[in-house]
Each structure stands twice: as structure tokens, then as C-alpha cells.
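S.K.: build me a model from this:
(chains A and B)
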2 protein chains.
Amino acid sequence: MALFEYRLAHKDANSRARRGSFETTRGVVELPTFMPVGTRGSVKGVEIGLLEETGSQIVLGNTYHLMLRPGEEVVRELGGLHRFCGWKKPMLTDSGGFQLFSLAKLTKISEEGAVFRSHIDGRKISLTPERAVEIQEALGSDIAMAFDHVIALPNVRRAVQDAMERTVRWALRCKKAHVRDDQAQFAIVQGGLEYDLRAQCAKELADMDFPGYAIGGLSVGETPEEMYDCIEATVEHMPETKPRYLMGVGRPEDLLEGILRGVDMFDCVMPSRNGRNAMAFTSYGPMRLRNARYERDPRPLEEDCPCPACRRSRAYIRHLFIAEEMLGPILLTIHNITYYQRLMAGARRAIEEDRYVDFYRECFAKWAMGTPD
Amino acid sequence: MALFEYRLAHKDANSRARRGSFETTRGVVELPTFMPVGTRGSVKGVEIGLLEETGSQIVLGNTYHLMLRPGEEVVRELGGLHRFCGWKKPMLTDSGGFQLFSLAKLTKISEEGAVFRSHIDGRKISLTPERAVEIQEALGSDIAMAFDHVIALPNVRRAVQDAMERTVRWALRCKKAHVRDDQAQFAIVQGGLEYDLRAQCAKELADMDFPGYAIGGLSVGETPEEMYDCIEATVEHMPETKPRYLMGVGRPEDLLEGILRGVDMFDCVMPSRNGRNAMAFTSYGPMRLRNARYERDPRPLEEDCPCPACRRSRAYIRHLFIAEEMLGPILLTIHNITYYQRLMAGARRAIEEDRYVDFYRECFAKWAMGTPD
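M.R.: Just a heads-up that it's a prediction; the model follows:
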């Protein structure tokens, strides 16, 4: 009996949106879902009790960051990532592939794996598919990602194809190296914006029968429309009986576009990063809390939001940012994650009732209105 | 009927320590107590729900900071400081006297009041006794402090005496200007390290019948022993029927020394500021969490502490500081305030049972032992 189980509960009557769930040894995750990013064992500035209150069901940790600091052996010795950071519900770890592309210095990729220099202290480190599996098993996440080869877009077809084919070969090596039966391993579909390469990758990985699949290598410079079209072309070839995860995406509208096309899982630093920069996501679009218009505004960010930030006034939150108080970034991070989770909860209900397309249209219409004065 | 009422519940049999309480329209404060400092309407990094969990009963706000940003009229318009920041229990505001001495630029003091330049934007501002009262009434704190003249120590007796006599005249002006009957006004005893001037100041202020009295102008460069001796010499002349507040003090040992000599209230930025700098206060003395000895330490800071930081390991908190995660300062601030409140709760119980001197000795003995390895 598998310790990880995906269940497809309902398909929306008018779109590819789907309502599902998966079960791990640490509990059930209702889909579609958004995963806040806890890069280094902490969603920046958010105490774990407050993170639970946002409605988050699963949190992402970054293998690349944690292997550098504090090191996966320290985390393992302290009982694994959950015990280390105090989050008791499911966690997913990425494989480091994207950070080698975006963050590490002097990365060299060969068939064996990657050699790079740490962005912290410049020390030379190697990461292979086997090592990425080993590190994630030490961290003890509930879902581990296969090690993939991410390249910049746009790029010549030959390079995109090579990286995709290598990603498939590496996925097989990851599968062979994986031993923990309380951890599910997802494979990542690559192939840039070349639909036939995406399709080929999705099919070859599907044949390996992973418990879940991700779409990687998007949101790296292409237009939103290019991304949506590519998601549509890719999802078509991904197994219906497995969860689908769109990595590193995105804005609230990107989440709704992804769900419309059959995606189940998302992660992004945007709610936390933008929150730290005084931007609040709301049902009526983004608010920039440093704006002087909020100086004496007694209203909460959103009337119906239950988060701690919305128990204060916009004026108070503006004051915190103007006075450079840490509590400003903290409160907006909490609000934004709560907003994302409320959006996902709304999407789940809408799919259950076959009205996802209406929900999608209503959300876009409200966002376009802007926050009322 | 007074809206502020002090009650002396019990005097320790073997010291001047006393167990009391006072009642405000926003609830009772058990004495002795420690007030965390929420300078600009926020105890740095601590969400208000987490602040409540530290056991804090009353929080301090700074008039000087709030008058500059966001301005007391903004706070008043938004329903007062409690509503602004979300703290529902009692609050005390200082008068700005100490910040004029420590923070403002080019401060000039005359009999009328002070003229200074804002440390934020250099704009010229005047603060008089009447204005300090007015601002605090706009903020709506439960306890307001009279405006005092703070000077550097050591200083020539003539200057100390002038500042003390001016502080007495200003206290009378504050009393006359004060109108809110839901706000108690405390006067501040000055007089440097000159015991006769302290005694004279205490007596003259006592004759004006304020609902509470503070000892100001200490912890500004004198040795701890000089401070303790001065507290002892001053408390002797302060009314027994009113709460006694030692301003801006201090370390855990300073609090116990103050209580031993009959002090009821304290405030200090030390638990929050030191927490932000990776220092944890514990029953076995301070711990510096950046230290490599904690790299793999699975234990909490303190076994019996109920705070969120103590639901994590020392290793995790060290990791947060090394990785420069905001959560490190947040967790240690919460722990340190919780530690101060647990110390105060221990002192209150000990006084009730006439064993304060034993409690005091036990605390010092444990602090001297250092944290066990």
C-alpha cells in the first residue's frame, strides 16, 4: 500500500479545472493548493503558529539553501526538517535544479550532474541526481522533487532538447536512488516553450510512473500568454491520475489560469516577497501600503479577511512601513499568504459546484476594478 | 471615584519588596511588573497576539516617536493608540523628556519647555509640559508621564538641582493641564545621584498628590551600585500608597534589585534589543545564539519556558541568525519578554509568601552558574 495517495474528486463541467487531494503520512492536502516558500526552514518573518492560521496545508523548503546552511546532516540529526522548523503538516522540497540556474555561481553541468560555487562563501560543491535524492531524504520532506536541468529562455531548440532529455535521464536516476517509502518523489517536465518536447518529456516521465509530476522551467522570462499556452500543451500529456504541480508560479491570476488548465499545485515567493515590499494582494487588486492615501484610512486591507493584519487599519500598516518597523513586512506577508489560501479555497469550492469559470471571471473582474476609495 | 486605583496587597517580611496592583479602565496590572517597549506603536517584530502570550500586562509607547510619526492627531483620529496598534490591555506613555536628552538634535531647554530638531527630518519642534500632556491625551494611554528635565550624569550639583527644580515646576504645570479622567498621570523624581535633591524632589511631588511616581534619570552612565543606592535613598521618600516606577531599567538583576528596594514597575528595550542581537536571557544567564556550540543542540533555550521559541531547538534559532532570517530576532524577542514576565511572576509569588530574599538569592545563584552544556 502506497503511503502517498492522490484522489481525483471532481472535474469542473466547463473547464479542465479539477478538485482533488493527496494523502501523506502527515495528513491530507486539498487541491488545488498553494505552497508558501520556507526557503531556509522559515517562511520569512512568520512564526509557525501564525503560518498555520493562514490556512496553508503544505510548505516548500529549498534543498539548495538547506544543503549549504545549516547542512542536511544537521537537519537530519535534529529529527528532520519538520521537527527543525516546527511545521507538522506536509512539506515539499525542491531538488536544487532551479537554484543552480538562478543563484549558484559558475555552475557547470555534465551528464554526471552539476558542479558550482556556493553563492554564500564561494566553496565548490557538486550536486548529482543521486545526491539531490539523498539530501531530500535527509531533510525528510513528504514530497521530494527529481533533479532537473533548467536553462534560460529563450534558447535554441538544440539546447532546450538536450536539457529536457537530460532531465528525463536524471529522473530515472533519481527514481533508482530513492529509498524512503514515507516520501513521494515527483518528476519535472522540461522542454522550454517547444510543445513537442514538453509532450515527449511528459510521456517519457509518465512511463516511469512517478506519484506526481511538475511543470518546471516556466516563469523565466516568457510572456504570461506564452506560459499559459505552454501549460495547456503540457498538461494534456500529463497523467490524469497524478497531481500536477506548476513550479515557481506565480501571481494570483497565474494561479487561476493554471487551475483552469488542470494544474493542482503552486508555489511562489511573491506573496511573501511583495509583502515585505509593502504590497498587499486583495480581491480588488494590489494595494501599495506606503501610499499617502492610506495615512488616515481606518479600514482593514479587506473587510472579510480573518488575518491579523486585517484586525488593524491600513493607516497602522502604512505607519509601520514608513517607520521601518519589522511588523509591517510580517503582517503583509501573513495577509498575502492568507489571501492566496482564500483564493485557493474559493477555487476548490467553485470546482466542486461546476462554476469554476464563473469564479475565474468574477475574480478577474474584481481585480480589474482596483481597490475602492 | 478615581478611575485609577492602586492597592498594596502585601509587604515582604524581610525586604522592602511589595506585592500590589493597580486598576485602570482597561484592566488590572499585577505588581511588580515589567512593561515591554512598543516605541512606535509596535514591540519590534512581535505580532500583538504573540505579545499577549508573553504574559505582558501593560506596554509602553513613546510620545516623542509617535508625535513625530505618524503624529498624535493621526492616532487620535484612528481611535487612540490602543485601537491603532491592537493592544487592548493598559498602556503607559512616557513624556518625551528622556528622548529629548538621548535622541533629539540641538535641544534647547528653557523654563517654557524644549525646542529641538527631529532626529528623522531635522524639522524644528517645541515640546512643553502642556504639549506633552496634550499629546498623551490624544494618544489615549492609561498612564501618562509628566514632562521632566533629564540631564547627563555625572554633572555639577548646580545643574542637577536646576533640572530637578524645573522638573517639579513642570510637574505642576502638567497636573494643571491634564483633563482626561480615564488617564492617570505619574510624576517623575529627578535629582541625579544627590540623595538630598532626590528626597526634596520626591517630597515636593508627593505633596501634589499624583496617582503614581517614577524615578527618572538613572541608568545613564552611573555604576549599578550607584544606581541601587540612589534608588534606595529615593524610594524612602516616595509615598507608600502609590505605585513606584523605575524608568528605562534594565537587566534582570536590576529588576530584582529594584524590587528589593520597593520598586513596582519597570520598562526597558533590553529584552527586545538584545533578542534582535541573538542574545537570550535565561534562568542560567544569557546565551549568545550565534555561538557554534549550539549548531547541533536539540534542546530548547529553557526546558520549562512555554514561549514559541522554546518549542524549537537552540540549533534552529542559531541557524535563523546565521542565515539572517527575520524569524531569529522575532523568536528571541518573544522569548526574552516571556523570560522577564516569568521573572516578575516569580517575584510576585515570592513576595506573597515572604520569601522574596530567598528568591532573589536563588536567581542570582543560577545566573552565576551559566547555561549548562
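S.K.: any idea how far B:R311 is from the closest residue to chain B within the stretch 101-250 of chain A?
M.R.: Per C-beta to the nearest C-beta, A:I120 is where the stretch 101-250 of chain A lies closest to chain B, at 9.1 Å. Where you see a C-beta, it was placed from the backbone N, CA and C, and this is true even at glycine. Note on A:I120: its distance to B:R311, by C-beta to C-beta, to the nearest Å, is 28 Å.
S.K.: helix or strand for A:T234, which one?
M.R.: Using DSSP states H and E, A:T234 falls within helix A:224-235.
S.K.: now that helix, how far from the chain's geometric center?
M.R.: Remark: helix A:224-235 is offset 17 Å from the chain centroid, using C-alpha atoms, centre = their mean, to the nearest Å.
S.K.: and it, what's buried?
M.R.: By neighbour count with 16 or more other C-beta atoms under 10 Å in any protein chain shown, helix A:224-235 contains the buried residues A:M227, A:Y228, A:C230, A:I231, A:E232, A:A233, A:T234, A:V235.
S.K.: and stretch A:322-337, by the same measure?
M.R.: Quick answer for stretch A:322-337 (16+ other C-beta under 10 Å): A:322-323, A:325-337.
S.K.: ditto for stretch A:152-167
M.R.: Buried positions in stretch A:152-167, judged by neighbour count with 16+ other C-beta under 10 Å: A:L153, A:N155, A:V160, A:Q161, A:A163, A:M164, A:E165, A:R166, A:T167.
S.K.: and what of stretch A:48-67?
M.R.: Within stretch A:48-67, the residues scored as buried using 16+ other C-beta under 10 Å are A:48, A:50-51, A:53-67.
S.K.: contacts with chain B among those residues, please.
M.R.: Applying C-beta under 8 Å from any C-beta of the partner chain to these, one finds that A:I48, A:L50, A:H65 fall near chain B.
S.K.: ok, back up a step: so which elements touch the helix holding A:T234?
M.R.: The contact analysis (3 or more C-beta pairs under 8 Å, 6 or more residues apart in numbering or on different chains; DSSP states H and E) places helix A:224-235 against helix A:195-207, strand A:212-215, helix A:252-260.
S.K.: give me whichever of these is most buried.
M.R.: When you average the neighbours per residue for each of these (mean count of other C-beta atoms under 10 Å in any protein chain shown), strand A:212-215 leads with a mean of 26.
S.K.: who does that one touch, helix- and strand-wise?
M.R.: Against strand A:212-215 (3+ C-beta pairs under 8 Å, 6+ apart) you get strand A:184-189, helix A:195-207, helix A:224-235, strand A:244-246.
S.K.: got TSV for those, with mean pLDDT too?
M.R.: Putting the helices and strands packed on strand A:212-215 into TSV (pLDDT from 0 to 100) gives the following:
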stretch	mean pLDDT
strand A:184-189	98
helix A:195-207	98
helix A:224-235	98
strand A:244-246	98
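S.K.: could you pull up phi and psi at the closest residue to chain B within the stretch 51-200 of chain A?
M.R.: Per C-beta to the nearest C-beta, the residue of the stretch 51-200 of chain A with the smallest distance to chain B is A:P70, at 4.5 Å. Backbone torsions of A:P70, given as degrees, to the nearest 10, read phi -80, psi 0.
S.K.: need the contact list for it.
M.R.: A:P70 sits next to B:E295, B:A315, B:H319, B:I322, B:A323 when contact means C-beta atoms under 8 Å, 6 or more residues apart in numbering or on different chains.
S.K.: now the closest residue to the third one other than its chain neighbours: how far from B:A292?
M.R.: The reference is to B:H319. Leaving aside its sequence neighbours, B:H319 sits nearest to A:P70 (C-beta to C-beta, 6 or more residues apart in numbering or on different chains; 4.5 Å). A:P70 sits at a distance of 11 Å from B:A292 (criterion: C-beta to C-beta).
S.K.: just put the helices and strands packed on helix A:224-235 in TSV and tack on distance to B:R244.
M.R.: Formatted as TSV, those follow (distance: least, C-beta to C-beta, whole Å):
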stretch	distance to B:R244
helix A:195-207	73
strand A:212-215	64
helix A:252-260	55
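S.K.: quick one: pLDDT of the closest residue to A:Y213 other than its chain neighbours?
M.R.: In space, and not counting its chain neighbours, A:Y213 is closest to A:M238: 5.2 Å by C-beta to C-beta, 6+ apart. Predicted confidence (pLDDT) for A:M238: 98.
S.K.: and if you look at A:P372?
M.R.: Confidence score, pLDDT, at A:P372: 65.
S.K.: try A:L153
M.R.: For A:L153, pLDDT reads 88.
S.K.: what about A:G71, how many neighbours?
M.R.: Counted with other C-beta atoms under 10 Å in any protein chain shown, the neighbours of A:G71 add up to 16.
S.K.: what about it, distance to A:V115?
M.R.: Distance from A:G71 to A:V115, by C-beta to C-beta: 18 Å.
S.K.: A:I120 and B:R311: who's more crowded?
M.R.: In terms of neighbours (other C-beta under 10 Å), B:R311 is the more surrounded of A:I120 and B:R311; the figures are 15 against 11.
S.K.: quick one, strands of the stretch 251-373 of chain A?
M.R.: Under the criterion DSSP state E, counting those that start in this stretch, strands of the stretch 251-373 of chain A are mapped to A:265-267, A:279-280, A:287-288.
S.K.: most packed of these?
M.R.: strand A:265-267 (a mean of 23).
S.K.: ok, that strand: who's next to it in the sheet?
M.R.: Note on strand A:265-267: by DSSP bridges, its sheet partners are strand A:33-35 (parallel), strand A:244-246 (parallel).
S.K.: ok, and what's touching it?
M.R.: The contact list for strand A:265-267, computed with C-beta under 8 Å, 6+ apart, reads A:31-37, A:60, A:92, A:214, A:243-250, A:254-255, A:258.
S.K.: and it, what's its mean pLDDT?
M.R.: The average pLDDT within strand A:265-267 is 98.
S.K.: next one: that strand to chain centre, how far?
M.R.: Relative to its chain's centre, strand A:265-267 lies at 4 Å (C-alpha atoms, centre = their mean).
S.K.: looking at the residue lying farthest from the centre of chain A now. What's its pLDDT?
M.R.: Of all residues in chain A, A:R296 has its C-alpha farthest from the mean position, at 35.8 Å, by C-alpha atoms, centre = their mean. A:R296 carries a pLDDT value of 98.
S.K.: so what's it up against?
M.R.: Taking C-beta under 8 Å, 6+ apart, one finds A:A315, B:V74, B:E77, B:L78 in contact with A:R296.
S.K.: the second one: helix or strand, and which one exactly?
M.R.: Under the criterion DSSP H and E, the helix or strand holding B:V74 is helix B:72-77.
S.K.: now that helix: buried residues?
M.R.: Residues B:E72, B:V74, B:V75, B:R76, B:E77 are the ones in helix B:72-77 that count as buried (16+ other C-beta under 10 Å).
S.K.: elements contacting the helix or strand following it?
M.R.: With elements assigned by DSSP H and E, the helix or strand that comes after helix B:72-77 is helix B:81-85. Secondary-structure packing of helix B:81-85 (3+ C-beta pairs under 8 Å, 6+ apart): helix A:314-322, strand B:91-93.
S.K.: what's in contact with helix B:81-85?
M.R.: Contacts for helix B:81-85 (C-beta under 8 Å, 6+ apart): A:312-313, A:315-316, A:319, B:26, B:38, B:41-42, B:48, B:61, B:66, B:75, B:78, B:87-88, B:91, B:93, B:139-141.
S.K.: show me where pLDDT drops low in the stretch 101-250 of chain A?
M.R.: Counting by pLDDT under 70, the stretch 101-250 of chain A shows no low-confidence range.
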